[in-house]
Each structure stands twice: as C-alpha cells, then as structure tokens.
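**Q** Okay, here's the prediction I keep looking at, along with the sequence it came from:
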Number of protein chains: 2
Amino acid sequence: MSKATIPQGTRDFSAEVVRKRNYIIQTIKSVFELYGFEPLETPAMENLDTLLGKYSEEGDKLIFKILNNGLGDPKNIEKSRAAFENVLQGKNDRQLTERALKYDLTIPFARYVAMNHGQLTFPFKRYQVQPVWRADRPQKGRYREFYQCDADVVGSTSLVNEVEFALIYANVFQQLNIDVEIKINSRKILTALSELCHAKDKLTGITVAIDKLDKIGIEKVEGELLQRGLNPEQINIIKKYLGISGNNKEKIKQVEELLGHTESGKKGIEELEFMLNYSSDSGLQSLTIDFTLARGLNYYTGIIFEVKAQHVQMGSIGGGGRYDDLTGLFGVPDIPGVGISFGIDRIYDVMEELSLFPKEVHQGTQVLFFNLGDAESTKAFSLMHELRAKDISCELFHQQSKFDKQFKYAERKNISFAALIGSRELETNTCTVKDLRSGKQVSVKQSDLAETIRKMKPEG
Amino acid sequence: MSKATIPQGTRDFSAEVVRKRNYIIQTIKSVFELYGFEPLETPAMENLDTLLGKYSEEGDKLIFKILNNGLGDPKNIEKSRAAFENVLQGKNDRQLTERALKYDLTIPFARYVAMNHGQLTFPFKRYQVQPVWRADRPQKGRYREFYQCDADVVGSTSLVNEVEFALIYANVFQQLNIDVEIKINSRKILTALSELCHAKDKLTGITVAIDKLDKIGIEKVEGELLQRGLNPEQINIIKKYLGISGNNKEKIKQVEELLGHTESGKKGIEELEFMLNYSSDSGLQSLTIDFTLARGLNYYTGIIFEVKAQHVQMGSIGGGGRYDDLTGLFGVPDIPGVGISFGIDRIYDVMEELSLFPKEVHQGTQVLFFNLGDAESTKAFSLMHELRAKDISCELFHQQSKFDKQFKYAERKNISFAALIGSRELETNTCTVKDLRSGKQVSVKQSDLAETIRKMKPEG
C-alpha cells in the first residue's frame, strides 16, 4: 500500500481553480481567434535531439528526460550499462533516453513549422496553450509543471503583426478587467545605443544589464556595466538614455536627439512610430514607450513587448517580441516572426489579489432536487430532463436522507436552488423552490419550474 | 543542427483537428456540468510509487519513467551507478527515477481523493479530460500519448448515479448526432452465472471469455472456457445464458428463469430494472440490456456500461461501471464509486467517417481586410476594431501585395469574406464586401459593415 503523495512542484487543480483558470484561458483564446490566430497542440514529449542545445547549458540541465523502456531486457543489459556510463559523463545516449518533456512552446512550434512548412499558409498565425515542464527547484510561484500561452506570426516581417499583438494584449486585459501598461521598445534602439557607445560587441551585455534595471536599480546597473567592461563615458551615455522621460511623444523626441542620426536608431524610431500611429486608430490607449525595456532573451531583433499590471506588486504578466529566425536550427532558413506570451499563473494571482474573477465563474450545479422517495425521484428525473434541455444544470441527491444532510450538500457545492417534491407536490403537480442564498421559498407548477429558476435572479 | 522529427506514436494537432476535437470535448464537458459534475486536473507526472503495481505487470512495463536530474553530478556518480544496476535487474530505484507520466486518469483520481478526502463533499462527482501516456508499440489508432475522458461519482452506492450516467451517455451522443446503443449488464448477473455453474472460483475466467464474444465468436469462446477448465455441462449453461434474446423485458424474463433464484441473480435483476424504470421517465430510449456484456476489468462489481456507435464498424466508444473500492490501495477504505469514460479518438473517427462534424466547427477568420496601402490600412484597423467588438473575427493582410496573393491567403485559410478598402472607398466612406464562397459582391457604408457580414448567410 502506498501513501498518496503528489510530486514536488506539481499541482492538482480542483474545480474552483480549474474554472478560474479556464476563464482566463478561454478569454485569451477567444481574442486570439478574433484576430485570426489558429490553435496548435504539440505532444508533451519531444525527441531529446529536438530540445537539447536550444536553451543554453543551464536550460539543458532542467529538461526532464524520459527513460527508455525495456532497459532490463537481458539482451539489452550490456548496451544499457554502456549508455548509462555515457550519461554519467554528461553525454546523452539514445540507448537510455531519447525523449523528453517539452521545456517551452517555442521550440516545439519551430519543430512543427520546420516539419510542415511546405503545407502551411504563410503568414502562419498560431496560438498554443499547453503545459511545459522544468526541473527547477520548486519555490513560491515556480512550478515544475506549468502552462504557457503563446501566439506567434511567422513568415512575415510586417509591423502590422506587432500592432495586432499590442491590440490583443489590450483586448484581453480589458476583458479580464485588469488595468495594464503595455510597454514597448525596439531592440534596434538598443543596437543604436551600443553603436553610439562604440561598444557594438557589448550589445548583449548592455541589454542584460538594462533588463535588470527594474529589479536592482540604476546604481547596480552601473556597477554591472562597469564589470562588463564599459568605461564611465560609455556608461554616461547609457544613463542619459535610461533617463529619457515624459509621454510617448516627448520620449521619441529625446531618443531622436540621442540616436536619430544612426541607421539603427532611425529604424527603431520608425518602428515605434508605426505602432503608435496605427494603434491609436484602433482604440488602444495603454501603449507606453519604455526605453529601459530590454527583455532578457538574445534572439529578439525588433519591437519588444512587456505588460505590467497596475495596482499590484507583480512581475510582468506578458511579454514578447520580434525575432529573425524561427526554424534555422532545424535546417529551414528565412522564417522570421513575432510572438507574445501571457503569464497564466501570474494573471491568476493578479485577479485573485484584486478580486477580479466574476461570480459566474464559480457556477456549478444550479438546482439540487431533494430525494424524498422513489415516486418523488421518478418525477424529479423527468423534471431534470426538462431543465437540462434548457441548459439548467441540476442533480438529484443520491439517496433519501434527512433534510439537513441534503441542505448541507447543496451548501457545500454552492448550489443556488433546492427543488423539493414531496407527496403533496406530487399530488398537485407542483414543486417547492427554495432560493438557498436568500432563503426565499415559492411553490410553482412543475411545468413552470425552468422559467421560475431563470427568473429568480442571483441574490434573489 | 537537428532534423525536425516528432516522437513515434505522438501527434501534432493542427487547427482543423484541434477544433474538431474541442467540439467533442466541449460537448461532453458541458453535459457533465449539466449533471452536476465538477472538473479536476491532475499533473502529467505522478510519483512512481503511486503508479507501480496498479496496472498488472504488463501495465507496469508500459509506464514512461522520468529520469532524475543531476545524475552526472560527481558526488552522485557511485549512487547513480548502483541505482542503475537495480533498474537493470527489474527493480525500481528512486535514485534513478522517482516520477513517471500518468498511465490513466483513474489512479491519479484515486490518489487525489485519498489525499483530500477530508475536504471533499461526498458524493464527489468529478470529470477529467487529460492526456495519458503508454509505452505501447504504436499502431493504427493506438498512440503513446492520448486523451482520456472520465467521469466518476465516489462515496455513494445509490443506483441514481448509474441512471445519471446512462442519461449522460444518451445526452452527449444525441448532441454529437451519433446514433448509439447503450448496453448495460450487471456484474452480479455474471456472479450468479458462475454460481449456477458451481464455478464461483472461475468467475474471472468466465468474464474474460465472455468479454471476447464480440471479437472471436461463440465457438472460440467455448474453446476458451474449456481451456479455462469448465466442463461441457457448465459450458452449456453459459451458452444458454449467452443465447438470451428479445427486447429488454423479454431478456429480463429469461434471465429471471435462469438465475432469478440465486441471491446475486436477484440483486443484479433489481439493478437492471431500476435503471430501466428511471431512465424511461427521463427520455432515454437507447438503453439495451446485453447479457453478453462483461467488460474486461476486474474491479467492476455492479452495473457495467458499454456504448456502440451504429452504422459504422468500430469498437466501443464508451464504457464503465461500478466498483467497490477506489482508494483502498492508498490506505483510505470505504469509498465505492461508479464511473464512465468516453473514447475521444474513436468518437472522432466515427464522426469523421459519418461526416457528422457541423460546418461551424471549422470557422476561423471570418473577414480578411485586403491591404491596399497605408491610409487604407489605418481605416481597416479602425473597422476591425468595431467588428471584433461585435465578435466577428477578422484580420488585415500583412502587406500590400497583389490581389491574387491576398485572395489565395483567404482561400487557404477558408475565410468567408473579403473586405476591400481602396482610395475610392476611402473617399466615400464605403467598403466593398465580397462573399468568397458565392462570389457575390456588394458595396456598403463602412458603418454598416458588421451588420452586412452578419446578414450574408453561409452559402449566401
């Protein structure tokens, strides 16, 4: 007999949590659909070769590998042992493990596009909401199994896509009732900055350091820049850049003065202006240029996004950007793209903290028919049949028990109405309906039951 | 550079397939909800101890085990090597692997109930639709990663639950437009049969043999019964039992004559009659008693179910039954239950074969705005904003290309309408709408665009 336990860093989602999570996920999916994105689902497992070497050495260590089956088979034993020795030496050996759990949604998407590019319609717009697995040390808010939620357009360099993504962010968070700031910048501006510093070779270092500004503050960023080999003069230019402030227009003006004379700077400013122009025609108010936005990932080349929730202390709840090459690693060149993601767990936490989940999210069973005997239950079954046909969820208490036991069940399941059919109701073709939230009780014709339930408003 | 490949026995689901699968899954989920069932999601990974020893020796071999991380760490090498030797000898060793992918939904559900039974409201009615993994040899229709779809009620012995499950089956397949036969039997009838044969110790053998009747025919079943040690006299009784025919009433009458004098027989007949009585009051016509129904699994003790699709050659598309003990293996006794499952992949195949998917399932983008220039696109963005607010999905072609390229994109994405705004439309505040299915074209005021799209009926 084994004790019931759940693996560290993983979670069961009970009804209430599933419903709230689905509310978020369905809202996002429906917006993706509104913008012409199509769903894709890839398997949990990928071939190990597909994943290894894509996430830096650190990432490779966090990939969950799946043991091949049949290792104990007598005719495999010597091979298996040799394979294991390889693994102990840090090599991967297909004899022991050739599959792994996916680590993110981007690489499986790239693998899918590389495998199917001949059949796909480009620009290919897909969204994907699936779990991924990482062998990270579990801690508050960090899990070994968690959902990612991505949308990408590949096969197009048009900024129209970036505008659409900004609109998607705005649309989703408006529907979820979360006040957000959607921050944008262009990696080209950062390139221009590195050029201005005569430190083009240090672009990654500058980007990584700036990316930490939010967390560690300007002094520590300066320290890091020094450490990365930039001199005080260069750091002064970067500080000037980071000090740009005002509204979007004012910021553009300042960055133009600083970087507008460089090729990259000019292009970056054009990108940002394009986004501001188009999005203002589409009802998007919340787009903010933030020149301190850098995004950690190396592969971004154009517009980058980050979304912050207002009124709450929380890291970014969304982010993304443009990249030059999705599938080169799989031998298919020239597929650029742009993508964004939503942080489901963090969005959940924000909505919980600000009490933003609507009441209807919790709706389970609406009506509990009390079980008051066999003939009464037969009648209940036929009435439930009618209610369900009208999309009213209901159930019959499973056995003839004391009233308080049946009430208790309704209360614990958060059921709004009790329907009672006893011998008197059976004779008179009526039904007693009790609103369990208000305590209000009415007797209605059985044929009017569905209508009555519909009319008894929440909080009756 | 690695070649893009997908693991054997797993699948990518592209948009069309995801939409069809979701249509099936959402239909089933909404019916579960109508009947008061609540969603549950458990992690993909379980602790290996939770899974091992639950699926017979054969099953254990098909469990995908996850390699622990950090095996190559110098300070673990000796331990790791010893652990691997254990694994080679067929033992499991937590140093090497302590987690595995779930093999079905039932054991994780049992683990969840065992862990949380103090907090749950009983009867606990949950549904769960998630992938499971099995290291089976891949073949047509059999995958290493596939979805299961289960609903169970635990903590109740009431037959009301069995009636509800029969209704759920009927309701789901009616909504999916699949003609089905819902077959029921009771394991107690099979127990009575074994008693009648004075072969109570051979109940499992009899059940397993009868279960194959559909596939191998009566003669081979006889052969198997002989092989399992039953004598010709006993086999004659079983043949008489298997020969019971007619409508439900006639069948009950015949089984009563054969087994009605035994304790188990009496109980089994009561169960079946209860189901027939209640379900006829609830609009359920398709319930059929089938005494040849046995179900392979050992743990069923009462009513068992199986659903067959009509007009098509296909194994069962659903099945289930009552069991006495869900959580005993995890040290929590006295939780009986009853459950059913839906075979998503087979249901999909049936619907495909009989062309039962409704057209709306394929609906992606409804309107493609042609890209005819910058000012035109700005207008398109503001019109798209209005359309989306009215729940009409649309997109702007990403760049200013030749007409035929834009038409081709619409065609390949199966988009119904093209919206064209050129310089003339821009001047006159109009929009040209082309129904791409009929070729019909109209010019409308921009402010009437949404209404126009709404009105132009499918196939218009």
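**A** Here it is on my side, so go on.

**Q** To what extent is the residue of the stretch 301-450 of chain A found nearest chain B buried, counted in neighbours?
**A** For the stretch 301-450 of chain A and chain B, the shortest gap (CB to the nearest CB) falls at residue A:395, measuring 3.4 Å. Any C-beta I mention is one placed from the backbone N, CA and C, and that applies to glycine too. Each residue near residue A:395 was counted by other CB atoms under 10 Å in any protein chain shown, and the total is 28.

**Q** State whether it is indeed within a helix.
**A** No. Residue A:395 sits outside any helix when classified using DSSP: H, G, I helix; E, B strand; the rest coil, being strand.

**Q** how about the nearest residue to residue A:263, chain neighbours excluded?
**A** residue A:192 (7.8 Å; CB to CB, 6 or more residues apart in numbering or on different chains).

**Q** need the contact list for that neighbour.
**A** If a contact means CB atoms under 8 Å, 6 or more residues apart in numbering or on different chains, then residue A:192 has A:259, A:262, A:263, A:264, A:265, A:268 as its contacts.

**Q** how about the helix or strand containing it as CSV, C-alpha atoms only?
**A** Assigning secondary structure by DSSP states H and E places residue A:192 in helix A:187-196. Provided in CSV are the C-alpha atoms of helix A:187-196 (Å, rounded to 0.1, in the frame of the first residue of the first chain):
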residue,chain,number,x,y,z
ARG,A,187,15.9,46.2,-30.0
LYS,A,188,17.1,48.4,-32.8
ILE,A,189,17.2,51.3,-30.4
LEU,A,190,19.4,49.3,-28.1
THR,A,191,21.7,48.4,-31.0
ALA,A,192,21.9,52.1,-31.8
LEU,A,193,22.8,52.8,-28.2
SER,A,194,25.6,50.3,-28.3
GLU,A,195,26.8,51.9,-31.5
LEU,A,196,26.7,55.3,-30.0
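
**Q** hmm, back to that, distance-wise, check the residue nearest to residue A:263 relative to residue B:326.
**A** Relative to residue B:326, residue A:192 is positioned 64 Å away (criterion: CB to CB, to the nearest Å).

**Q** Please apply the same query to residue A:165.
**A** Distance, residue A:165 to residue B:326, using CB to CB: 46 Å.

**Q** Go ahead and confirm the residue of the stretch 301-450 of chain A closest to chain B touches residue A:365.
**A** Yes. With contacts counted by CB atoms under 8 Å, residue A:395 reaches residue A:365, the gap being 5.5 Å.

**Q** what touches both of those two?
**A** Where contact means CB under 8 Å, 6+ apart, the residues bridging residue A:395 and residue A:365 through contact with each are residue B:36.

**Q** Could you tell me which residues within the helix or strand of chain A with the lowest mean pLDDT count as buried?
**A** The helix or strand with the lowest mean pLDDT-type score in chain A, counting by mean pLDDT, DSSP states H and E, is helix A:77-88 (a mean of 85). Within helix A:77-88, the residues that count as buried by 16 or more other CB atoms under 10 Å in any protein chain shown are A:80, A:81, A:83, A:84, A:87, A:88.

**Q** same check, this time on stretch A:214-231
**A** A:214, A:221, A:222, A:224, A:225, A:230.

**Q** Within its local environment, how many residues does residue A:270 see?
**A** Neighbouring residues of residue A:270 were enumerated by other CB under 10 Å; the total is 13.

**Q** Phi, psi for it please.
**A** When read as degrees, to the nearest 10, the backbone of residue A:270 gives phi -60, psi -40.

**Q** mind showing which ranges of chain A have poor pLDDT?
**A** Counting by pLDDT under 70, chain A contains low-confidence ranges at A:1, A:281-283, A:297, A:457-460.

**Q** hmm, back to that, how about the contacts of residue A:192 in TSV, adding neighbour count?
**A** Converted to TSV, these look like this (neighbours: other CB atoms under 10 Å in any protein chain shown):
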residue	neighbour count
A:259	24
A:262	18
A:263	11
A:264	20
A:265	23
A:268	26
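
**Q** Can you flag which of those residues belong to strands?
**A** Counting by DSSP state E, the contacts of residue A:192 place none of their members in strands.

**Q** quick check, nearest of those to residue B:175?
**A** Using CB to CB, residue A:268 is the member of those that lies nearest residue B:175, at 53.2 Å.

**Q** Isn't that closest one up against residue A:184?
**A** No. Taking CB under 8 Å as the definition, residue A:268 is not a contact partner of residue A:184, at 10.7 Å.

**Q** How many residues are close by whichever residue of the stretch 151-300 of chain A sits closest to chain B?
**A** Scanning the stretch 151-300 of chain A for the residue nearest chain B gives residue A:158, at 4.0 Å (criterion: CB to the nearest CB). Using other CB under 10 Å, the number of residues around residue A:158 comes to 19.

**Q** now swap in the one 4 residues further on and tell me
**A** As a burial measure, residue A:162 scores 27 neighbours (other CB under 10 Å).

**Q** Give me the phi and psi angles of it.
**A** Dihedral angles of residue A:162 (phi, psi; degrees, to the nearest 10) stand at phi -60, psi -40.

**Q** what does residue A:399 give?
**A** Residue A:399 adopts backbone torsions of phi -150, psi 160, taken as degrees, to the nearest 10.

**Q** Apart from its chain neighbours, what residue comes closest to it?
**A** Setting aside the residues directly before and after it, residue A:399 is nearest to residue B:158 in space (CB to CB, 6+ apart), at 4.8 Å.

**Q** which SSE is that neighbour in?
**A** Assignment of secondary structure by DSSP H and E places residue B:158 within no helix or strand.

**Q** May I ask you to confirm that it is in contact with residue A:398?
**A** Yes. The pair formed by residue B:158 and residue A:398 meets the contact definition of CB under 8 Å, at 4.0 Å.

**Q** Identify the contacts common to those two.
**A** When contacts are counted by CB under 8 Å, 6+ apart, the set common to residue B:158 and residue A:398 consists of residue B:123.

**Q** Select from the contacts of residue A:192 every entry located in helices.
**A** A:259, A:263, A:264, A:265, A:268 (DSSP state H).

**Q** ok, the fourth one - contacts?
**A** Taking CB under 8 Å, 6+ apart as the definition of contact, the neighbours of residue A:265 are A:188, A:189, A:192, A:195, A:196, A:255, A:256, A:258, A:259.

**Q** now for those, which pair is the farthest apart?
**A** Between any two of the contacts of residue A:265 (CB to CB), the greatest distance is 15.1 Å, for A:195 and A:256.

**Q** Those residues of the stretch 301-450 of chain A touching chain B, which are they?
**A** Within the stretch 301-450 of chain A, the positions near chain B by CB under 8 Å from any CB of the partner chain are A:327, A:329-332, A:364-365, A:371, A:377-379, A:381-382, A:384-385, A:388, A:391-396, A:398-399, A:409, A:412-413.

**Q** So which of those residues belong to helices?
**A** Among these, the members falling in helices (DSSP H) are A:377, A:378, A:379, A:381, A:382, A:384, A:385, A:388, A:409, A:412.
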